[in-house]
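In: Pasting the sequence and the predicted coordinates here, then a few questions.
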Amino acid sequence: MAAADGLPATLRRRDLCSRGIRLAGKMRSDVVDLLDTYVEWQGLDPSASVAAVEGVPVAAVEHWDEQTGTQRLLENLAAYRAFRALLTQMLEEQREQLDEADTALGRALAAVLLQVSAFAYHLEELLRLECRGPPSEEVAGPSPTAHLSLFERKLRGLGVLRELAQWAVRSARDLRQLAKPSPGSSLPPGPAESP
């Protein structure tokens with residue numbers, strides 16, 4: 001009887017993971033397009049080197065294969081919450097800089113911000129399913145950029161978008177790992193496990 005009770009939750013988790021993988025793929029595609037637009041609008045060299053940016057979570061992780069599903073979800077959620085704040089800040093700076101919220105760059109930033117918010121909500125749903133509600137969101141936003149020059153803010157934005165693209169890749173990988181049937185599961189592999 002206990003195995004039957006766990007079946008719907010397992011199927012729901014697999015479905016959420018599969019949808020999350022698709023969301024992450026779409027987000028990565030849109031972020032890559034946004035990077036092209038951002039570089040063009042900001043007059044930056046696409047190959048510009050950007051040092052680690054304060055407040056930007058890094059997608060690379062040591063011992064990735066040793067993480068639990070919950071650890072993966074919590075790290076992803078923290079990252080996307082940080083990106084939501086960073087993208088909001090970038091959008092505000094963009095509006096101030098060009099005094100026109102209806103530019104192609106502004107629309108693209110707003111669209112990616114919406115995807116990041118939706119993905120964070122999706123991760124919260126997965127955490128609830130794992131019998132663990134999402135941690136409360138910290139109110140502290142990204143560090144103020146008023147002390148940065150315009151060029152430094154442009155490079156910071158480039159760093160944020162590059163790292164967000166990397167997170168989209170990591171998130172899809174994390175969700176594929178989470179969707180794998182656990183040992184002893186009688187469920188056949190779902191679409192999330194296919195290469």
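Out: Yep, it's here.
In: in this protein, what secondary structure element scores lowest on mean pLDDT?
Out: Least confident helix or strand of the chain, by mean pLDDT, DSSP states H and E, is helix 2-42 with a mean of 87.
In: So what's the residue count around Tyr121?
Out: Counted with other C-beta atoms under 10 Å, the neighbours of Tyr121 add up to 12. The way it works is simple: take the backbone N, C-alpha and C, and place the C-beta from them, glycine included.
In: how about the nearest residue to the residue nearest the centre of the chain, chain neighbours excluded?
Out: Nearest to the geometric centre of the chain sits Tyr80, at 4.4 Å (C-alpha atoms, centre = their mean). Nearest residue to Tyr80 in three dimensions, chain neighbours excluded: Ala120, at 4.1 Å (C-beta to C-beta, 6 or more residues apart in numbering).
In: isn't the one you found right next to Leu87, touching?
Out: No: counting by C-beta atoms under 8 Å, Leu87 is not a contact partner of Ala120; they are 11.3 Å apart.
In: Looking at those two, which is more packed in?
Out: Using other C-beta under 10 Å as the criterion, Ala120 and Leu87 rank with Leu87 on top: 25 against 20.
In: Which residue is the nearest non-sequential neighbour of that one?
Out: Leu113 (4.3 Å).
In: and the next element down the chain from the helix or strand containing the one you found?
Out: For Leu113, the enclosing helix or strand under DSSP states H and E is helix 104-129. Sequence-wise, the next helix or strand downstream of helix 104-129 (DSSP H and E) is helix 150-179.
In: by contact count, what packs against that following helix?
Out: Using 3 or more C-beta pairs under 8 Å, 6 or more residues apart in numbering; DSSP states H and E, the elements in contact with helix 150-179 are helix 2-42, helix 69-98, helix 104-129.
In: tell me the mean pLDDT over it?
Out: Mean per-residue pLDDT for helix 150-179: 93.
In: Pull the number of nearby residues for the spatially closest residue to Asp33 that is not a sequence neighbour.
Out: Among residues not flanking Asp33 along the chain, Ala108 sits closest, at 7.1 Å (C-beta to C-beta, 6+ apart). Per other C-beta under 10 Å, the neighbour tally for Ala108 reads 21.
In: ok now do Ala108, which residues does it touch?
Out: Asp30, Asp33, Leu34, Thr37, Tyr38 (C-beta atoms under 8 Å, 6 or more residues apart in numbering).
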